[in-house]
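>>> sequence unknown, structure follows:
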């Protein structure tokens with residue numbers, strides 16, 4: 001039997017310069033995420049669309065959520081498989097496209113973790129855990145584009 005979970009957030013536009021959206025160039029593409037009991041996150045639009053390049057945009061957040069969810073499930077499964085992970089870092093890549101009317105979408109994502117495991121670990125099994133993690137990751141199971149993995153391993 002499935003269990004239902006609910007998540008909430010409050011999204012507040014912070015880019016009014018005093019005239020609202022009176023003209024297209026007269027407002028900022030900034031906004032704040034507020035999640036109950038957590039620190040706020042100040043965000044912006046993609047810099048290609050007039051956003052602040054110093055702030056995360058929705059595309060950054062989706063890619064980071066995907067990679068973070070995968071990492072957490074990977075660590076869980078590695079622990080169960082008795083594969084000791086000492087370090088995990090990822091430099092994921094998402095590829096998007098923009099259609100003729102300006103509509104965008106992701107076409108693929110590549111997770112590229114660098115994982116440090118204990119010397120003597122079954123690296124082949126460690127690598128197979130990525131596919132298992134994908135079966136559990138809430139975010140990966142919710143997107144409609146392919147996700148591939150290019151993991152590298154270091155044994156210490």
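Yep, it's here. Quantities reported herein were computed from a predicted structural model and do not represent experimental measurements.

>>> Sketch out the strands for the chain, chain order is fine.
Assignment of strands within the chain using DSSP state E yields the ranges 10-13, 30-34, 41-44, 85-90, 93-98, 104-111, 113-117, 147-149, 152-155.

>>> Which elements pack onto the longest one?
Applying 3 or more CB pairs under 8 Å, 6 or more residues apart in numbering; DSSP states H and E, one finds that strand 104-111 makes contact with helix 58-80, strand 93-98, strand 147-149. For glycine as for every other residue, the C-beta is placed from the backbone atoms N, C-alpha and C.

>>> Give the buried residues for it.
106, 109, 111 (16 or more other CB atoms under 10 Å).

>>> about what we covered before: I'd like the helices and strands packed on strand 104-111 as a markdown table, with mean pLDDT and mean neighbour count appended.
Shown next, in a markdown table, are the helices and strands packed on strand 104-111 (pLDDT from 0 to 100; neighbours: other CB atoms under 10 Å):
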| stretch | mean pLDDT | mean neighbour count |
| --- | --- | --- |
| helix 58-80 | 96 | 17 |
| strand 93-98 | 94 | 13 |
| strand 147-149 | 95 | 17 |
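
>>> Out of these, which is closest to residue 22?
helix 58-80 (24.1 Å; CB to CB).

>>> on that earlier part again, now tabulate the helices and strands packed on strand 104-111 in JSON lines and tack on distance to residue 3.
Below are the helices and strands packed on strand 104-111 laid out as JSON lines (distance: least, CB to CB, whole Å):
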{"stretch": "helix 58-80", "distance to residue 3": "17"}
{"stretch": "strand 93-98", "distance to residue 3": "29"}
{"stretch": "strand 147-149", "distance to residue 3": "24"}
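
>>> Of all the ones you listed, which one is nearest residue 135?
Closest to residue 135 of the helices and strands packed on strand 104-111 is helix 58-80 (CB to CB; 8.6 Å).

>>> any idea how far the closest one is from the chain center?
The chain centre lies 7 Å from the centre of helix 58-80; the measure is CA atoms, centre = their mean, to the nearest Å.

>>> Against which helices or strands is that helix packed?
By 3+ CB pairs under 8 Å, 6+ apart, helix 58-80 packs against strand 85-90, strand 93-98, strand 104-111, strand 113-117, helix 123-136.
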